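Colleague: Sequence isn't available, so here's the structure alone:
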């Protein structure tokens with residue numbers, strides 16, 4: 001991972017930003033398609049899959065990528081709107097050289113992004129990303145007409161992926177008698193997720209399945225679970241499942257209308273694997289994962305390891321250690337014993353299967369872990385201010401840690417994407433957590449003001 005900071009365009013999850021602002025423009029994406037095609041063509045002529053979510057700018061970027069790849073001599077298969085994990089799966093099973101996803105995940109419709117999967121259905125290795133960036137500096141040269149790439153639509157992509165999702169649970173499982181609300185966030189799972197649960201026998205009530213290019217993630221999906229909550233209670237459903245715009249995240253709602261987040265889902269899947277003796281090693285979360293998850297897993301005799309924030313870090317640790325289960329509080333859960341990447345539908349199926357096998361409700365299954373109150377305070381800072389160099393901040397941090405002791409934990413970190421310092425405190429007592437979070441935040445604000453005064 002050492003080379004990430006040399007990259008100009010690729011972030012932790014591909015290239016992402018506001019549509020129409022560099023690098024998220026048709027011109028840049030055309031050149032990106034060509035540059036990626038040049039790098040991929042070194043491995044001989046192959047094919048590249050292109051899928052997208054439902055945002056309106058997807059048409060523009062799909063055409064730009066197609067033109068760029070074709071000009072570099074690469075054949076293209078267009079999948080249309082498909083979840084990100086579906087593109088990873090199809091890249092692997094169709095033996096493509098790469099898969100490209102046009103999506104900004106859980107962001108609003110006026111953002112978009114481009115991310116790549118290598119032939120194994122995993123994120124592109126760093127050296128390939130760096131090779132593509134190097135190629136972007138060269139003038140765009142089109143191959144001769146005899147060597148141009150062709151494009152064709154792959155019409156059976158949704159059906160293939162639906163069958164794959166169903167294959168991740170035992171074929172004996174029937175969800176007959178279960179009433180499930182499925183919220184697809186008007187995103188890429190709209191024509192997939194309801195069918196998966198319906199074909200397994202459940203009664204499905206679908207929400208967020210009328211994408212118009214602009215309503216992706218708008219007041220629905222995993223980032224706005226209130227929409228799902230209301231529908232679960234109104235329909236007297238057994239549970240609700242919400243995906244984000246590109247289908248790699250999932251959160252659920254139990255029959256009481258309580259939200260079940262990624263930490264709790266990870267706990268349920270880990271317990272389920274443990275019960276049938278198929279939990280391979282430790283479980284991986286991030287520094288933001290709730291302390292309750294760690295303690296709940298420890299109580300089951302399961303080790304829990306933390307990485308920096310970002311599913312890429314979780315995946316890296318799983319692969320290095322040969323473990324199979326990890327995830328983030330946001331609902332990005334990775335079951336490497338089932339697929340190669342975070343997959344909302346597959347993760348949801350693991351949980352629903354456990355409900356079916358144990359004949360327990362979602363709220364009963366999550367009861368094994370107790371979520372600790374968590375308070376996050378963001379402090380906006382000027383570039384150049386480093387809280388680690390402030391004696392006052394370090395002193396305040398030590399005093400808060402001493403006061404919390406074993407009852408909780410403190411996390412202080414600079415945001416990777418914005419000029420913010422984030423204070424996160426969690427512990428058993430919500431009032432204490434609130435008080436200590438603001439106490440520490442105030443000290444950081446004062447140190448920041450003092451720093452700005454010296455710069456003036």
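Modeller: It's in. Fair warning: this is a prediction, and the values are worked out from it, not measured in the lab.
Colleague: Quick check: the residue positioned nearest the centre of the chain vs residue 316, distance?
Modeller: Geometric centre of the chain, nearest residue: residue 332, 4.3 Å, by CA atoms, centre = their mean. Going from residue 332 to residue 316 by CB to CB, to the nearest Å gives 14 Å. Backbone N, C-alpha and C define where each C-beta goes, glycine included.
Colleague: Checking the closest residue to residue 235 other than its chain neighbours next. Helix, strand or coil?
Modeller: Nearest residue to residue 235, sequence neighbours excluded (CB to CB, 6 or more residues apart in numbering): residue 205, at 5.5 Å. Following DSSP: H, G, I helix; E, B strand; the rest coil, the label given to residue 205 is strand.
Colleague: and what of residue 424?
Modeller: Put simply, residue 424 is strand when judged by three-state DSSP.
Colleague: Tell me where the stretch 1-150 of the chain has helices.
Modeller: 26-41, 58-71, 84-93, 126-136 (DSSP state H, counting those that start in this stretch).
Colleague: and the longest one, what other elements does it pack with?
Modeller: In terms of contacts (3 or more CB pairs under 8 Å, 6 or more residues apart in numbering; DSSP states H and E), helix 26-41 is packed against strand 47-52, helix 58-71, strand 98-102, strand 111-118, helix 126-136.
Colleague: for residue 369, phi and psi?
Modeller: phi -120, psi 140 (degrees, to the nearest 10).
Colleague: need the contact list for it.
Modeller: 263, 264, 267, 292, 293, 295, 296, 297 (CB atoms under 8 Å, 6 or more residues apart in numbering).
Colleague: Need the nearest residue in space to it, chain neighbours excluded.
Modeller: Counting by CB to CB, 6+ apart, the residue nearest residue 369 is residue 296, at 3.0 Å.
Colleague: Is that neighbour in contact with residue 274, as I believe?
Modeller: No - using CB atoms under 8 Å, residue 296 makes no contact with residue 274, being 11.6 Å away.
Colleague: So for these two, which residue has more residues nearby?
Modeller: More crowded of residue 296 and residue 274, by other CB atoms under 10 Å: residue 296, with 24 against 16.
Colleague: Helix, strand, or coil at that one?
Modeller: helix.
Colleague: and it, what does it touch?
Modeller: When contacts are counted by CB under 8 Å, 6+ apart, residue 296 touches 267, 368, 369, 370.
Colleague: and which of the residues you listed is nearest residue 154?
Modeller: residue 267 (37.1 Å; CB to CB).
Colleague: is it true that that closest one lies in a helix?
Modeller: Yes - per three-state DSSP, residue 267 lies within a helix segment.
Colleague: What is the helix or strand harbouring residue 160 packed up against?
Modeller: Here residue 160 sits within helix 157-167, counting by DSSP states H and E. In terms of contacts (3+ CB pairs under 8 Å, 6+ apart), helix 157-167 is packed against helix 84-93, helix 193-199, helix 344-358.
Colleague: can you list the residues that contact the helix or strand that comes right after it?
Modeller: On the C-terminal side of helix 157-167, the nearest following helix or strand under DSSP H and E is strand 179-183. For strand 179-183, the surrounding residues in contact (CB under 8 Å, 6+ apart) are 193-194, 197, 202-208, 220-222, 227-228, 231-232, 235-243, 253, 352.
Colleague: 7 Å - rerun?
Modeller: By CB atoms under 7 Å, 6 or more residues apart in numbering, the residues outside strand 179-183 that reach it are 193-194, 197, 202-208, 220-221, 227-228, 231-232, 235, 237-243.
Colleague: Run through the residues that contact residue 438.
Modeller: So residue 438 contacts residue 377 (CB under 7 Å, 6+ apart).
Colleague: Quick one: distance of stretch 264-278 to the chain centre.
Modeller: The chain centre lies 20 Å from the centre of stretch 264-278; the measure is CA atoms, centre = their mean, to the nearest Å.
Colleague: Outside of it itself, list whatever touches it.
Modeller: 250, 252, 279, 283, 285, 293, 296-297, 300, 302, 325, 327, 331, 333, 335, 337, 347, 350-351, 354, 365-366, 368-369.
Colleague: Filter these down to the buried ones and hand me the ChimeraX line.
Modeller: The command below creates a ChimeraX selection of those among those that count as buried (16 or more other CB atoms under 10 Å):
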select :250,252,279,283,285,293,296,297,302,325,327,331,333,335,347,350,351,354,365,366,368,369
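Colleague: Which residues are in contact with the residue nearest to residue 427 when sequence neighbours are not counted?
Modeller: Take residue 427 and drop its neighbours on the chain: the residue closest to it by CB to CB, 6+ apart is residue 408, 2.5 Å away. Taking CB under 7 Å, 6+ apart, we find residue 408 in contact with 291, 372, 425, 426, 427, 428, 433.
Colleague: try it again with 8 Å
Modeller: Contacts of residue 408 (CB under 8 Å, 6+ apart): 291, 372, 425, 426, 427, 428, 432, 433.
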